[in-house]
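[1] Build the 3D model from these lines:
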Amino acid sequence: MAGKRRVEVSSAGCALCEEAIATVRRIACSSCEVEALDMRDPAVAARAKSLGIRTVPAIAIDGRLAPCCTGAGPDEAALRAAGIGTPLP
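    Sure, this is the predicted structure:
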C-alpha cells in the first residue's frame, strides 16, 4: 500500500460536528487516517483558515476541502439584506 488518505474533520464540539466525525469514522476504510480537530485551538483554526474552511463541521481529505464543505459561511452583506442591523418599524 502506498500510504494513507489523511482525513481531517474540523469540529467545534457541537452535536452536528460529533455526528460528522462519527459518520466519517464509520465509512472510513483501512486506507483512511481520520483525525478530529478542535477549532477552538488557535493552531487548528489557523490550519482550517488556510484550507478555506468557513463553517463547521468541515472535512478535508489529503489537504483539500471536500466538495460537501465548500460553503462560504456567513456573509455580512447577505445578513444585512435579510434584515440584520435594520430596526423593525
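[2] Only the buried residues of the strand or helix carrying residue 21, if you could.
    Secondary structure from DSSP states H and E places residue 21 in helix 15-27. Neighbour counts over helix 15-27 (16 or more other C-beta atoms under 10 Å) mark 17, 20-21, 24 as buried. Using the backbone N, CA and C atoms, a C-beta is placed for each residue, glycine as well.
[3] I would like the residues contacting it, please.
    The contact list for helix 15-27, computed with C-beta atoms under 8 Å, 6 or more residues apart in numbering, reads 7, 9, 11, 34, 36, 56-57, 59.
[4] Out of those, which is nearest to residue 80?
    Closest approach between those and residue 80, by C-beta to C-beta: residue 56, at 23.2 Å.
[5] Against residue 60, how distant is the residue lying closest to that closest one once chain neighbours are set aside?
    Counting by C-beta to C-beta, 6 or more residues apart in numbering, residue 56 lies nearest to residue 12, which is 4.8 Å off, once chain neighbours are set aside. As judged by C-beta to C-beta, to the nearest Å, residue 12 and residue 60 stand 15 Å apart.
[6] neighbour-wise, which of the two wins?
    Each of residue 12 and residue 60 has its neighbours counted (other C-beta atoms under 10 Å); residue 60 has more, 21 against 14.
[7] Surely that one is in contact with residue 66?
    Yes. Contact criterion C-beta atoms under 8 Å: residue 60 and residue 66 qualify, at 6.7 Å.
[8] May I see the buried residues of stretch 65-80?
    By 16+ other C-beta under 10 Å, the buried positions in stretch 65-80 come out as 65, 69.
[9] An error on my part: the question was meant for stretch 49-56.
    Buried residues in stretch 49-56, counting neighbours by 16+ other C-beta under 10 Å, are found at 53-54, 56.
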